[in-house]
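**Student:** Give the three-dimensional model of this entry:
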Amino acid sequence: MTRTEIPDQLISTFNEFISSLLGLHFPHKRRQELVRGVTSAAQDLGFNDVLSFIYFVMSKELSQEQLGILTHHLTIGETYFFRDKKLFQALENHIIPQIVMSRRGRTRQHLRVWSAGCCTGEEPYSLAIAFDRVIPAPKDWRINILATDINEGFLQKARQGMYSEWSFRALPDHLKQKYFRQGDDCRFEISHDIRKMVTFSRLNLVDRTYPSPLTDTERMDVILCRNVLMYFAEEPRAQVVNRFCRSLAPGGWLVLSPSEGDFARHSGLVPVNFSGVTVFRKTVQDQTYPACASAAVRLPDHLQLQTTQLPININRYGEMPDHVKGRRPQTVSRPGKEADREAAKAKKPVGLPDIQVALPKDQTVSLDADSLACQARECADAGRLTEAGDWCRKAIQAEKLNPANYYLLSSILQEQGFMEASIKALKQAIYLDPGFVLAHVALGHITRGFGKLDDSLRHFQSALTLLKSMNSEDVLPYSDGLTVGHLVDLVRSMIPGE
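**Tutor:** Residues are numbered from 1 along each chain as shown. I've put the predicted structure just below:
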């Protein structure tokens, strides 16, 4: 590779571009790290000189493989099992027992955790071991640990669950013997019971793809993101913390590294100290929220979607019958001109369920449906979920045939913890458009969370069938920038054997 001097102005521009793309920021004293990293990435990707690579990155849409390689060279991927002994003591002695106590007496014992920036998997597997050690009768619980990273190479290694001695330098021997099996190549394989608690998925923390039912990043009991935000610029760092706060269930816990505590300045987070370890707990400001993450809460009657029996028989988890699978209706068939005229008088579509959206009597719809939905999304992004739900119901009232509005309402309801109402809204979206792939993915995650694994698998398989007919580079509407290819990867990670 030709050695080329990078002009100061170009490296400064590239630094700003990398901040917008990945959130990473290299202050002046760390500029040489950026130069070394981008030079190594250029060489790894087969470029003859680093200048060509920089211009390529700033002018082209990078593939996920290219993005992962670039990120790998710009970040430090070093980790090991049970890194930070005091933190895991706080988890095992305080946080996990509190969550277990809050679930006592429930028919559904469910725990949701997210390891963000999981690298090669040591952290999420350590969490799974901690839960197995602390929770009485762990097999009676549904423990879902989502582990995400932007580097697909790291994720592939994590999924293999094979580790060398270097990864065990902080793990006591008795835990190593209990939870790992030594292979023929002097590496150690994680046990099956621990491995099945963890799902690995690619996610860029700068993207707007969370919290979302598509990425299964809602209603988290615990989020760990350690030694990641220290590399971010101030603005994307604040956006990530805000999204983490929204991704947590009320009363949920955010865990950063000791050096990153100042980054968690957020009105919805309160610092809590456990023997020198500071973590952050989400406050419960809106009492319409459920008290805990996995509670199945019925929406108050005045906010319910009221429906009559659907003409198409959709089961309670929203699965469509065989005769409509794969169909993408562009218009709704009508029974005739006379019925058309009657429907026009009643101002409701023929052939659809009688959907009534309850709104306060003094509220009227003065904006068009798209503007109302935009208002709903803006309120949701700001964490004002009750207000977001009101705007979304107005959008539905203005345009009852648009499945995207029901999908948006479902996302808001799910973030609030109103799971039954969220499922009902997703059913409406699928009724209006059986090919609405986002609704199938969301239902796949929800039914999986309820332990309905067969239903979940059918939804994910339906979604995968629909996605395979699309261009992998296309961005899916209403997905906050998620491409078809990315969603295919997410769905495949949920289907055994894919």
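**Student:** doesn't residue 189 make contact with residue 183?
**Tutor:** Yes: contact criterion CB atoms under 8 Å: residue 183 and residue 189 qualify, at 5.6 Å. To be clear about C-beta, it is placed using only N, CA and C from the backbone, and glycine gets the same treatment.
**Student:** if you count what's nearby, which of the two comes out ahead?
**Tutor:** The neighbour count for residue 183 versus residue 189, taken as other CB atoms under 10 Å, is higher for residue 189 (15 against 11).
**Student:** Tell me the bridge partners for the more buried one.
**Tutor:** Taking DSSP bridges as the rule, residue 189 bridges to residue 162, residue 181.
**Student:** Counting neighbours, what do you get for residue 234?
**Tutor:** 10.
**Student:** Name all residues that make contact with the nearest residue to it once chain neighbours are set aside.
**Tutor:** Spatial nearest neighbour of residue 234, chain neighbours left out: residue 25 (7.9 Å); criterion: CB to CB, 6 or more residues apart in numbering. By CB atoms under 8 Å, 6 or more residues apart in numbering, the contact set of residue 25 is 15, 18-19, 231-234.
**Student:** before we move on, what about residue 165?
**Tutor:** Here residue 165 is in contact with residue 186 (CB under 8 Å, 6+ apart).
**Student:** Give me the phi and psi for it.
**Tutor:** When read as degrees, to the nearest 10, the backbone of residue 165 gives phi -60, psi -30.
**Student:** how far away is it from residue 196?
**Tutor:** 25 Å (CB to CB, to the nearest Å).
**Student:** do the same with residue 135
**Tutor:** In terms of CB to CB, residue 135 sits 15 Å off from residue 196.
**Student:** Settle it for me: which of the two has more neighbours?
**Tutor:** Taking other CB under 10 Å, residue 135 and residue 196 do not tie; residue 135 has more neighbours (19 against 12).
**Student:** ok, back up a step: which residues are common contacts for residue 183 and residue 189?
**Tutor:** residue 162.
**Student:** Just the pLDDT for residue 248.
**Tutor:** If you check residue 248, the pLDDT there is 94.
**Student:** what bridges to it?
**Tutor:** If you apply DSSP bridges, the partners that residue 248 bridges to are residue 220.
**Student:** how close does it get to residue 269?
**Tutor:** Distance, residue 248 to residue 269, using CB to CB: 9 Å.
**Student:** So for the two, which residues contact both of them?
**Tutor:** Common neighbours of residue 248 and residue 269 (CB under 8 Å, 6+ apart) are 254, 282.
**Student:** from the chain's centre, how far out does the helix or strand that contains residue 99 sit?
**Tutor:** For residue 99, the host element (DSSP states H and E) is helix 96-103. Mean C-alpha position of helix 96-103 versus that of the full chain (CA atoms, centre = their mean, to the nearest Å) differs by 23 Å.
**Student:** Okay, residue 375 and residue 476: tell me how far apart.
**Tutor:** 22 Å.
**Student:** on that earlier part again, next SSE after the helix holding residue 99?
**Tutor:** For helix 96-103, the succeeding helix or strand toward the C-terminus, using DSSP H and E, is strand 110-116.
**Student:** Packing partners of that following strand?
**Tutor:** Counting contacts by 3 or more CB pairs under 8 Å, 6 or more residues apart in numbering; DSSP states H and E, strand 110-116 packs against helix 96-103, helix 122-134, strand 142-149, strand 220-224.
**Student:** Dump those to JSON lines, plus mean neighbour count.
**Tutor:** Shown next, in JSON lines, are the helices and strands packed on strand 110-116 (neighbours: other CB atoms under 10 Å):
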{"stretch": "helix 96-103", "mean neighbour count": "16"}
{"stretch": "helix 122-134", "mean neighbour count": "23"}
{"stretch": "strand 142-149", "mean neighbour count": "23"}
{"stretch": "strand 220-224", "mean neighbour count": "25"}
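**Student:** Show me the domain layout of this protein.
**Tutor:** Using automatic domain parsing, the domains assigned to the chain come out as 8-74, 85-282, 301-492.
**Student:** ok, the closest residue to residue 472 other than its chain neighbours to residue 471 distance?
**Tutor:** Leaving aside its chain neighbours, residue 472 sits nearest to residue 485 (3.5 Å; criterion: CB to CB, 6+ apart). Using CB to CB, residue 485 is found at 9 Å from residue 471.
**Student:** of those two, who's got more company?
**Tutor:** Applying other CB under 10 Å to residue 485 and residue 471 shows that residue 485 carries more neighbours, namely 16 against 9.
**Student:** so is the more buried one in a helix, a strand, or just coil?
**Tutor:** helix (DSSP: H, G, I helix; E, B strand; the rest coil).
**Student:** For it, give me its contacts.
**Tutor:** Residue 485 makes contact with 64, 472-473, according to CB under 8 Å, 6+ apart.
**Student:** possible to save those residues as CSV with distance to residue 131?
**Tutor:** As requested, the contacts of residue 485 are exported to CSV (distance: CB to CB, whole Å):
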residue, distance to residue 131
64, 30
472, 36
473, 38
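**Student:** just so I have it, where are all the helices in the stretch 301-450 of the chain?
**Tutor:** Here the stretch 301-450 of the chain has its helices, by DSSP state H, counting those that start in this stretch, at 337-346, 369-381, 385-398, 403-416, 419-432, 437-449.
**Student:** Quick check: which of the ones you listed is nearest to residue 140?
**Tutor:** For residue 140, the closest of these is helix 437-449, at 15.8 Å, according to CB to CB.
**Student:** Give me the next element, helix or strand, following the closest one.
**Tutor:** Past helix 437-449, the next helix or strand by DSSP H and E is helix 453-467.
**Student:** what's the angle between that next one and strand 142-149?
**Tutor:** 30 degrees (axes from the mean of the first three to the mean of the last three CA atoms, to 10 degrees).
**Student:** any idea of the mean pLDDT in helix 453-467?
**Tutor:** Mean pLDDT, computed over helix 453-467, is 93.
**Student:** Please apply the same query to stretch 169-184.
**Tutor:** 92.
**Student:** Okay, buried residues for it please.
**Tutor:** Neighbour counts over stretch 169-184 (16 or more other CB atoms under 10 Å) mark 171, 175-176, 179-180 as buried.
**Student:** how near is residue 254 to residue 235?
**Tutor:** Counting by CB to CB, the separation of residue 254 from residue 235 is 19 Å.
**Student:** more neighbours, these two?
**Tutor:** residue 254 (25 against 12).
**Student:** does the more buried one belong to a helix or a strand, and which?
**Tutor:** Going by DSSP H and E, residue 254 is part of strand 248-255.
**Student:** Could you give the secondary structure assignment for the residue lying closest to residue 464 once chain neighbours are set aside?
**Tutor:** In space, residue 464 comes closest to residue 491 once its chain neighbours are excluded; the distance is 5.1 Å by CB to CB, 6+ apart. Following three-state DSSP, residue 491 is assigned to helix.
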